[in-house]
Structure formats: structure tokens, C-alpha cells
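A.B. asks: Kindly generate the corresponding structure for this input.
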Amino acid sequence: MDEANHSVVSEFVFLGLSNSWKIQLLLFLFSSVFYVSSLMRNLLIVLTVTSDPRLQSPVYFLLGNLSIIDLVFCSSTAPKMIYDLFRKHKTISFGGCVAQIFFIHAVGGTEMVLLIVMAFDRYVAICKPLHYLTIMSPQRCILVRIIGIIHSVFQLAFVVDLPFCGPNELDSFFCDLPRFIKLACIETYTLGFMVTANSGFISLASFLILIISYIFILVTVQKKSSGGIFKAFSTLSAHVTVVVLFFGPLIFFYIFPFPTSHLDKFLAIFDAVITPVLNPVIYTFRNKEMKVAMRRLWSQLVNYK
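C.D. replies: Model (predicted):
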């Protein structure tokens, strides 16, 4: 990287969420509780999937990967946000900002593809159960991570060498890529449009692919057995809920960028600390095998000497 390109701006200043002490205290308690809860629940799922030999099928491998993604995603923004709540001067270095953007987009891109793979997994399990283990394999699932990293590198390629000479204030609590681009010392309308369109198109296209695939699964099941559609709907309801929670804020960010700062920040908090907590709850709520395995692991941990 050319050092002269960003030598004038060595750090960025976050304007934060609120100047009210009461609101900051409320956000501190709220974010801390949800972040710790997210860490514990997702770690429990990862430990359960990796330690229980009964949970070695692709669906649980994917669920474990989703929990790892949620752990990395919330940890890329939440700790810094919580730490900055009571600081008057909320700053992040140039390198730290670029690293945060990389992890957010790497994890976000990976989760998009992972949710599509999980939808395909449900299609194979419901519509082609005899070929399930042949079609789905952990080796193919690993490609999901590679695709996510490629997406992140592609996004960073647009901005990593942009010149920054001031101002250096971001009206957010994390390094948001569209706002980051706006601080560059050159005309960035075209570049900002390309980055926003890229993420927005991928988010919207992935969302539509997922919804269409779920509808296709339900139609296929209904043709085979009218009674099986209720079981299929019960199984897919958790997936649809997670898809809406994940893609809702993303589509809002990139299809309708910056309508109101307060709503934008609220959705960012929701995406950063609430969704990673809800995902493990939603996926394990109706999964009897997972709940039994988690109880078994918890008993082993409690009784461990």
C-alpha cells in the first residue's frame, strides 16, 4: 500500500450512538448482555457439534459453521462499540478500520452463501433423502468460506488505496464501508455506487434465491404428500426467520442507504448484537437432537472433575 495515500489521516473518529448518558448506560447494559449471551450460545453449539459423534451429518456441520460466523461477526464490532460508549474520544486507526471492514464483509459474504447452502441442504434432505450424504459433504461446504473471503477482498480492492486527508469523522459506531468511502479526498460517487450496488445486488439476489428455493421445496413436498407439507413448513420456518433477520438490515443498508441516521444505527445494532443471539435460539428451538446433545454436553461439563 502507498503510505502517502493515507499519511494525512491516521485514525478515524466515531460519532457514536448518543450523547445522552442515560442512553449510553442503557446501550452498555443491553449490548453487553446480548454480546456475552451470543458468545456463550454460539460457543455451546460449536462445542456440541464438534464433540458429539451423533451430530456428524452435513446439516450440523453447517449449523456449527453458522455459529462460528456469528461469533466472528459480533466480535468484529460489538467489543469496540461497548468499549467506546463511555469514551469522549472514540477513535480507530486506519489499519483497524480497514481490518474491521474486511472481517465484516468476509463474514457477511460467507453467511450469505452459507444460508443458500443450508437451503439446498434442506431441499436434498426433504426431496432427495436417499442421496443426501452423497450430494452434501463437508468438503463442498468449505468452499463457502472461500467465496466469502473473495467477496471481502473484492470490496477492499475498491478502497484500500483511496487518499484520506480529512475530515475523519464517521457518523457510526463501526467502520461502515459506504461512509468510509465518502471521507476520501477524491470524487467517490461512482465508486460508492459500485460498492453499494455490489453488496446490495448480492444481498437482494441471495434473499430472492432463498425465498424461491423455500417455496420450491414446499411445492415439491405438497405434490408428493399433502400431509408432509406441515412438517416441511415447520422445518423451514426456522430457516426463513434467520434469512429475514440477516438480509432485512442488509437490504435496507445497501438498497436504501442513509435514509435516517437513527434508524440506520438501530438496524446496525440489531445486526451486530441481536441477530447473532437469535440465530442459535431459532435453529435449536425445534431441533430435538440438538437440544438433547446440548443437555448431554452440559451435564458432562457440570460433572467434569
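A.B. asks: all contacts plus neighbour counts: C-alpha atoms, from now on.
C.D. replies: Noted.
A.B. asks: Okay, now the unreliable bits of the chain?
C.D. replies: 1-7, 130-141, 144, 225-228, 255-261, 304-305 (pLDDT under 70).
A.B. asks: For the residue nearest the centre of it, which non-adjacent residue is closest in space?
C.D. replies: Geometric centre of the chain, nearest residue: G108, 4.6 Å, by CA atoms, centre = their mean. Excluding its sequence neighbours, the residue lying closest to G108 (CA to CA, 6 or more residues apart in numbering) is G148, at 7.2 Å.
A.B. asks: So that neighbour sits against V113, correct?
C.D. replies: Yes. Using CA atoms under 8 Å, G148 is in contact with V113, at 7.4 Å.
A.B. asks: And the two? Which one has more around it.
C.D. replies: Higher neighbour count among G148 and V113: G148, with 22 against 19, using other CA atoms under 10 Å.
A.B. asks: tell me the contacts of the more buried one?
C.D. replies: Counting by CA atoms under 8 Å, 6 or more residues apart in numbering, G148 touches H105, A106, V107, G108, G109, T110, E111, V113.
A.B. asks: gap between the residue nearest to the centre of the chain and L250?
C.D. replies: As for G108, its distance to L250 is 9 Å (criterion: CA to CA, to the nearest Å).
A.B. asks: Repeat that for Q222.
C.D. replies: Distance from Q222 to L250, by CA to CA: 32 Å.
A.B. asks: for D264, same thing?
C.D. replies: 10 Å.
A.B. asks: swap in R179?
C.D. replies: Distance, R179 to L250, using CA to CA: 15 Å.
A.B. asks: How about V195?
C.D. replies: 13 Å.
A.B. asks: How about R54?
C.D. replies: On the measure of CA to CA, R54 and L250 end up 35 Å apart.
A.B. asks: Could you verify my assumption that K265 touches G16?
C.D. replies: No. Counting by CA under 8 Å, K265 stays clear of G16, with 9.1 Å between them.
A.B. asks: ok, the two, which is more surrounded?
C.D. replies: Neighbours were counted for K265 and for G16 using other CA under 10 Å; G16 has more, 22 against 18.
A.B. asks: rewinding a little: okay, and the residue nearest to the centre of the chain sits in which element?
C.D. replies: Per DSSP states H and E, G108 falls inside helix 94-127.
A.B. asks: Please state the offset of that helix from the chain centre?
C.D. replies: Its chain's C-alpha centre and that of helix 94-127 lie 7 Å apart, by CA atoms, centre = their mean, to the nearest Å.
A.B. asks: Against which helices or strands is that helix packed?
C.D. replies: Judged by 3 or more CA pairs under 8 Å, 6 or more residues apart in numbering; DSSP states H and E, helix 94-127 is in contact with strand 11-14, helix 58-84, helix 132-135, helix 138-159, helix 189-224, helix 228-255.
A.B. asks: change it to 7 Å
C.D. replies: Other helices and strands packing on helix 94-127, by 3 or more CA pairs under 7 Å, 6 or more residues apart in numbering; DSSP states H and E, are helix 58-84, helix 138-159, helix 189-224.
A.B. asks: Touching whatever helix or strand comes next after the shortest one from outside, list them.
C.D. replies: Scanning the chain past helix 138-159 towards its C-terminal end, the next helix or strand to appear is strand 169-170 (assignment: DSSP H and E). Applying CA atoms under 7 Å, 6 or more residues apart in numbering, the contact partners of strand 169-170 are F12, V13, F14, L15, R179.
A.B. asks: so who does the second one touch?
C.D. replies: Looking back up the chat, that one is V13. V13 touches K90, T91, I92, N168, E169, L170, counting by CA under 7 Å, 6+ apart.
A.B. asks: Who is it paired with across the strands?
C.D. replies: T91, E169 (DSSP bridges).
A.B. asks: mind starting the numbering at 389 from now?
C.D. replies: Got it, first residue is 389 now, which makes that one V401.
A.B. asks: Please determine how far it is located from I480.
C.D. replies: Noted for V401: a distance of 7 Å to I480, by CA to CA.
A.B. asks: now the third one
C.D. replies: Between F402 and I480 the computed distance is 8 Å (CA to CA).
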